[in-house]
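Chemist: Take a look and give me a structure for this.
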Amino acid sequence: MKIGAQKAEELPSPEAAEWGSDAIADFLRNTGIPFIALNPGASFRGLHDSLVNHLDAKGPDMIMCLHEEHAVALAHGYAKVTGLPLAVALHSNVGLMHASMAIFNAYCDRVPMLIIGANGPLDAAKRRPWIDWIHSSADQPAIVRNYIKWDDTPTSVNASLESLARAWDIARTAPQGPTYVVLDTEVQETPLLENPLQPKITVGLAKDQPVASAESVARAATLLISAKNPVLLMGRGSKNLEDFQRRIRLAEELNARVITDLKAGSSFPTKHPAHVPGSGFFLGERGQEALRSADVVLALDWIDVAGTLRQAPTGESRKVISAGLDQMIINGWSKDHQARAEVDVWLPTTGDYAVSQLLDALKVDTGRAAALTSYSSDQDVQDGGSVPKAGPIQLDQLAHALRSSLAKEKTTLVRLPLGWNGDDWPFGDPLDFLGYDGGGGIGSGPGMTVGAALALRGSDRIAVSVLGDGDYMMGVQALWTAAHDDIPFLAVVANNRSYFNDEVHQERVALARDRDVSRKWIGQRIDEPAPDLAAMARAQGLEGLGPIRDLADLPDALDEALKTVKSGRGVVVDVVVSPGYNSDMKAGLVREP
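Modeler: Model prediction:
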């Protein structure tokens with residue numbers, strides 16, 4: 001199966017639309033969207049009926065979730081793999097408020113999503129007592145307007161179809177993001193006298209995307225050609241293998257060093273000689289050294305250009321080229337645009353389009369890309385050297401054991417915990433790692449895991465997540481959907497039984513105030529009693545193993561988990577790890593701005 005492929009076969013037409021929601025369901029079918037994720041709600045009961053009885057298995061398939069936040073997180077994970085939006089249905093204002101954190105994640109992560117909201121009757125005379133009133137809002141999208149690309153509340157069937165078509169176009173156009181259309185109950189339940197004319201739309205990725213001007217590309221190319229020590233900050237990139245190979249080709253043509261970031265996913269092979277070791281959620285020491293010596297920096301849709309450069313100040317005149325579209329989407333409410341970067345050339349396009357334009361400007365034969373060396377992540381699994389065979393488990397030991405167990409499998413790491421050391425698991429393919437969730441909240445990991453696993457289902461890849469215990473427990477109900485819809489995945493919970501990120505901050509405050517550091521754990525530890533994380537998985541119809549407390553028991557548990565996943569089931573392994581971060585991560589957390 002080609003990951004993210006749209007339905008190519010000609011589906012039989014459904015019956016003529018009889019109700020407003022039938023026409024809306026027909027529109028969703030026409031987009032080629034394979035799934036709509038939802039938690040049931042009466043405000044879209046008309047649409048729900050149309051999906052079930054009007055389309056009658058002619059698409060999209062319904063993916064039921066136990067919470068609206070999980071439905072959005074699932075669509076987020078799916079888009080991270082495919083680059084394509086799913087549909088999500090949310091129940092009135094209360095469902096939208098449930099989903100708001102996950103929508104913020106999708107917005108910050110620049111992933112496409114078509115979100116359909118619903119409202120009680122806009123006509124107050126048609127509202128039922130009590131419930132229709134508290135579930136109706138005069139301006140429902142105002143709840144999330146600051147972190148979506150576009151919204152509308154149409155009041156007729158034809159207007160709803162036009163709004164959905166516009167939302168579909170906007171969500172898929174870079175910079176991508178979620179869009180939100182509210183369907184009035186009366187619109188959904190309006191009897192139709194004739195079939196409305198469906199909007200003309202395209203499927204898959206939008207055909208036309210923003211590109212930088214020829215003049216800007218030429219100025220950037222001139223700087224890069226003359227550079228003696230260029231550095232590429234390789235940020236967000238597509239999961240298309242040809243795009244991945246073009247990034248390699250550009251780095252090799254420029255003889256540049258390349259820095260990657262765990263927030264952005266696998267955008268460049270980490271075993272390539274040009275790659276700077278030490279990928280993390282913050283810039284490490286080796287990355288700082290590379291940037292200090294750089295005379296030209298090319299940032300390709302890099303998250304936080306200014307903040308990264310400030311971590312590696314230089315007295316020399318360092319030229320900066322930045323490719324990205326954040327300036328086209330930012331607003332005054334959310335500060336996800338980060339600090340203002342002072343750049344010499346701005347290329348207003350995606351990182352991948354910028355790479356293609358620069359290769360053309362440099363007259364590079366991109367046909368060579370197909371013959372590039374393989375830097376597959378399944379090579380050279382280390383034997384562990386001096387790693388002990390038994391005792392308490394450290395996060396790096398968990399990484400080694402997991403990689404050893406999966407050495408013969410093609411895997412996609414969906415999520416990694418904040419303490420992860422990028423050098424513990426090399427990436428050689430754009431689908432090897434998907435990155436973080438964009439908004440930096442807690443609770444998105446399980447839902448995104450299920451969504452990515454849904455996108456990978458039927459492919460030759462296994463969806464794998466290493467989740468923090470806090471993230472797991474906030475989103476654990478998302479896993480029921482995987483059991484219900486036979487979505488296989490492997491989730492390992494790196495269980496330090498603490499909100500350890502906050503322990504690091506409490507330690508910093510205590511030291512600054514000359515207070516007792518030993519009390520930093522109070523109000524942070526998830527213990528006494530320790531939740532049974534594996535039992536939470538089993539209670540939802542999945543396999544749950546653990547807690548695994550001793551390194552000696554870990555390989556067998558992971559091998560057993562792999563067998564379960566390969567049989568088509570989801571499995572959670574609870575691994576108790578010692579609290580702690582690698583040095584780069586800890587330094588990044590406490591580093592002064």
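
Chemist: Can you name the next helix or strand after the helix or strand residue 322 falls within?
Modeler: Using DSSP states H and E, residue 322 sits within strand 319-323. Sequence order places strand 345-347 as the next helix or strand after strand 319-323, per DSSP H and E.

Chemist: That following strand pairs with which strands, parallel or anti?
Modeler: strand 319-323 (parallel) (DSSP bridges).

Chemist: residues making contact with the partner strand?
Modeler: 212, 220, 223-224, 227, 295-302, 305, 309, 341-347, 349-351, 353-354 (Cβ atoms under 8 Å, 6 or more residues apart in numbering). Using the backbone N, CA and C atoms, a C-beta is placed for each residue, glycine as well.

Chemist: List buried residues within those.
Modeler: For those, a burial check counting by 16 or more other Cβ atoms under 10 Å picks out 212, 220, 223-224, 227, 295-302, 305, 309, 341, 343, 345-347, 349-351, 353-354.

Chemist: quick one on the thing from earlier: mind listing which of the contacts of strand 319-323 are in strands?
Modeler: 296-300, 345-347 (DSSP state E).

Chemist: would CSV of those with distance to residue 393 and pLDDT be doable?
Modeler: Converted to CSV, the ones in strands among the contacts of strand 319-323 look like this (distance: Cβ to Cβ, whole Å; pLDDT from 0 to 100):
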residue, distance to residue 393, pLDDT
296, 43, 98
297, 39, 98
298, 40, 98
299, 37, 98
300, 36, 98
345, 47, 98
346, 46, 98
347, 45, 98
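
Chemist: can you name the two of these that are farthest apart?
Modeler: Using Cβ to Cβ, the ones in strands among the contacts of strand 319-323 span at most 14.5 Å, a distance reached by 296 and 346.

Chemist: quick revisit: distance to residue 237 added to the ones in strands among the contacts of strand 319-323, as a markdown table?
Modeler: Listed next are the ones in strands among the contacts of strand 319-323 as a markdown table, based on distance: Cβ to Cβ, whole Å:
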| residue | distance to residue 237 |
| --- | --- |
| 296 | 20 |
| 297 | 17 |
| 298 | 13 |
| 299 | 12 |
| 300 | 7 |
| 345 | 19 |
| 346 | 18 |
| 347 | 14 |
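
Chemist: Identify, from those residues, the entry nearest to residue 455.
Modeler: Nearest to residue 455 among the ones in strands among the contacts of strand 319-323 is residue 300, at 23.9 Å by Cβ to Cβ.

Chemist: doesn't residue 246 make contact with that closest one?
Modeler: No: counting by Cβ atoms under 8 Å, residue 300 stays clear of residue 246, with 10.8 Å between them.

Chemist: Next, show the common contact partners of those two.
Modeler: Shared contacts of residue 300 and residue 246, counting by Cβ under 8 Å, 6+ apart, come down to 352, 355.

Chemist: Would you mind writing the CA trace of stretch 296-316 as PDB?
Modeler: Only the C-alpha atoms of stretch 296-316 are listed here, as PDB (Å, rounded to 0.1, in the frame of the first residue of the first chain):
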ATOM      1  CA  VAL A 296      26.000  31.400   5.900                       C
ATOM      2  CA  VAL A 297      23.100  29.700   7.500                       C
ATOM      3  CA  LEU A 298      20.200  28.300   5.500                       C
ATOM      4  CA  ALA A 299      17.100  27.600   7.700                       C
ATOM      5  CA  LEU A 300      14.600  25.400   5.900                       C
ATOM      6  CA  ASP A 301      11.300  25.700   7.700                       C
ATOM      7  CA  TRP A 302      13.200  25.500  11.000                       C
ATOM      8  CA  ILE A 303      11.300  25.900  14.200                       C
ATOM      9  CA  ASP A 304      12.600  29.000  16.100                       C
ATOM     10  CA  VAL A 305      15.400  30.400  13.800                       C
ATOM     11  CA  ALA A 306      16.100  33.400  16.100                       C
ATOM     12  CA  GLY A 307      16.200  31.400  19.300                       C
ATOM     13  CA  THR A 308      18.500  28.800  17.700                       C
ATOM     14  CA  LEU A 309      20.900  31.400  16.400                       C
ATOM     15  CA  ARG A 310      21.000  33.200  19.800                       C
ATOM     16  CA  GLN A 311      22.300  30.000  21.400                       C
ATOM     17  CA  ALA A 312      25.300  30.200  19.100                       C
ATOM     18  CA  PRO A 313      26.300  33.900  19.000                       C
ATOM     19  CA  THR A 314      29.200  34.900  16.800                       C
ATOM     20  CA  GLY A 315      31.200  38.100  16.400                       C
ATOM     21  CA  GLU A 316      31.500  37.600  12.700                       C
END
